[in-house]
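S.K.: Give me a 3D structure for the following:
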Amino acid sequence: MQRLYDFIRRNPTGVDAFWAVVLFGFSCLQILSGPHHAEEPAWSLQVLVSLGMGVAVALRRRMPERMLLLVIAVGLAQLALNVRPEVQDFAMLVLVYTVASAGERWASRVALVGSLLAAPLAQVRWTAAGAESSGQQTAFFVVIMTVPFLLAWVLGDSMRTRKAYFAQLEERASRLEREREAQAKVAVAAERARIARELHDVVAHNVSVMVVQADGAAYVMDTSPDQARTALETISMTGRQALAEMRRLLGVLRTGEHQEAGEYVPQPDVQQIEDLVETVRGAGLTVDFKVEGTPRPLPSGVELTAYRIVQEALTNTRKHGGPDAGASVRLVYFDDGLGLLVEDDGRGAAHEMYEDGGADGQGHGLIGMRERIGMVGGTLDAGPRPGGGFRISALLPLKPAH
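M.R.: Numbers count the residues shown, from 1 in each chain. The predicted model follows:
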């Protein structure tokens, strides 16, 4: 049965042609086997009418509007040639249903009007001569003959509505699927951007510390071996920290047996800013660190943003502040947010270098800071200080911006 059903769905015109042949055969059998009255037209005309109805049934799905016009023309020919309604007129019901379910709207309206007029016209044309028929009998006949046409039209129009409803559901499902794919792509892009920002901060900070320590160790290698040894230990410790953070970041890109490579290491938070400052001090930069207000737990996104901003600001101070630069870091806990103020008294770099990503144009600079702060709904104010140096001021709200 399933194969038969699949065949019918794949060959609708062939199925319609089969039923058209059956309808035409029954019509011819009725015409040729019945008595022929003198007032009736020739058999050839009756067969031609049956053939027209059969063609309409065979091609009803391929061109429903044209077949509807063909049926109307054949029906009018029946009225004009006095070809009484027979089996072939069942094609009218089929065309009314087809046009109502799958045809153009104007064709559906024409089919409805024809359904209402077919029975009255047939009653007027073929009322037996000399036969007395009361108005009540005539009305009853008209109603009985009109009901099948109206039912065919209503059923077809219901099928049209049902098809439109399912088409709308399919279109909505397809749209949701496309939106889901788009959201997945956006999420992947956002994750890659986050990893890029994290890697920039980790590499820029730790490599900067290692370069400074390596230069210092080379300078005092002969005159002060103890200081050189301390610098090398700092380089080793900083390198291990950098590798640990890079493993943590790249762990999200690994699968299978490599998932244990640090994917679940906690992100840096506000409490680790003091350790960061100590590391920077050990690298030779004088940093004054103060916390104002009452420390309290903060959203993880705010804590990570605060840590990375301080890290980026101190890295830029080491890069551009000069040999005798000093910096200060202030953390201020407000009722509704966390304030950050990082200042240095060095010569600094041009504001355009920060904005453009550094001298080589490849870094993130203030662009990365603004992206981080924008994700938590905060504000950033950065630029040269009066009298020299650079200042970065940020306000991170504890609630995301609407």
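
S.K.: hey, which helix is longest across this structure?
M.R.: Longest helix of the chain, by residue count under DSSP state H: helix 135-220.

S.K.: Just after that one, pick out the following helix or strand.
M.R.: helix 225-250 (DSSP states H and E).

S.K.: Could you tell me whether Gly387 really is in a helix?
M.R.: No: counting by DSSP: H, G, I helix; E, B strand; the rest coil, Gly387 is not found in a helix; it is coil.

S.K.: what about it, distance to Thr286?
M.R.: 18 Å (Cβ to Cβ, to the nearest Å). Glycine gets a C-beta too; all of them are placed from N, C-alpha and C.

S.K.: So those two - more neighbours on which side?
M.R.: A direct count of neighbours by other Cβ atoms under 10 Å for Gly387 and Thr286 places Thr286 higher, at 13 against 6.

S.K.: my guess is the more buried one meets Val329, correct?
M.R.: No: the criterion here is Cβ atoms under 8 Å, and Thr286 misses it with Val329 at 11.5 Å.

S.K.: quick one: contacts of whichever strand or helix holds Glu278?
M.R.: Following DSSP H and E, one finds Glu278 within helix 273-282. Helix 273-282 has contacts (Cβ atoms under 8 Å, 6 or more residues apart in numbering) with 209, 234, 238, 268, 287, 289, 306-307, 310-311, 314, 318, 327, 329, 331.

S.K.: Just the ones of these in strands?
M.R.: 287, 289, 327, 329, 331 (DSSP state E).

S.K.: can you list these in TSV and add pLDDT?
M.R.: Compiled in TSV, those are given as follows (pLDDT from 0 to 100):
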residue	pLDDT
Val287	90
Phe289	93
Ala327	91
Val329	93
Leu331	93
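
S.K.: Now rank these by neighbours and give me the top one.
M.R.: Highest neighbour count within those, by other Cβ under 10 Å: Ala327, with 26 neighbours.

S.K.: Any idea what Pro286 is bridged to?
M.R.: Wrong residue type there; residue 286 is Thr, not Pro. For Thr286, the beta-bridge partners under DSSP bridges are Gly326.

S.K.: same deal with the one 5 residues further on?
M.R.: In this entry, Val291 is beta-bridged to Leu331, by DSSP bridges.

S.K.: The longest helix of the chain to helix 225-250, inter-axis angle?
M.R.: Put simply, helix 135-220 runs at 170 degrees to helix 225-250, going by axes from the mean of the first three to the mean of the last three Cα atoms, to 10 degrees.

S.K.: Quick one: the helices in the stretch 301-402 of the chain, in order.
M.R.: Assigned by DSSP state H, counting those that start in this stretch, the helices in the stretch 301-402 of the chain fall at 351-356, 365-375.

S.K.: quick one: buried residues of the longest one?
M.R.: Looking back up the chat, that one is helix 365-375. 365-366, 368-370, 372-373, 375 (16 or more other Cβ atoms under 10 Å).

S.K.: Quick check: mean pLDDT of it?
M.R.: Taken as a whole, helix 365-375 carries a mean pLDDT of 77.

S.K.: ok, Leu81 touching Pro41?
M.R.: Yes: contact criterion Cβ under 8 Å: Leu81 and Pro41 qualify, at 5.0 Å.

S.K.: roughly how far is the helix holding Glu278 from the heart of the chain?
M.R.: 45 Å (Cα atoms, centre = their mean, to the nearest Å).

S.K.: average pLDDT across it?
M.R.: The pLDDT scores in helix 273-282 average 86.

S.K.: just stretch 167-179 next, same as before
M.R.: Averaged across stretch 167-179, pLDDT comes to 91.

S.K.: Ok, stretch 48-61 next?
M.R.: Stretch 48-61 shows a mean pLDDT of 89.

S.K.: for stretch 74-81, same thing?
M.R.: In the prediction, stretch 74-81 has an average pLDDT of 87.

S.K.: For it, which outside residues touch it?
M.R.: By Cβ under 8 Å, 6+ apart, the residues outside stretch 74-81 that reach it are 41, 45, 49, 52-53, 56, 83-85, 89, 92, 114, 118, 121-122, 125.
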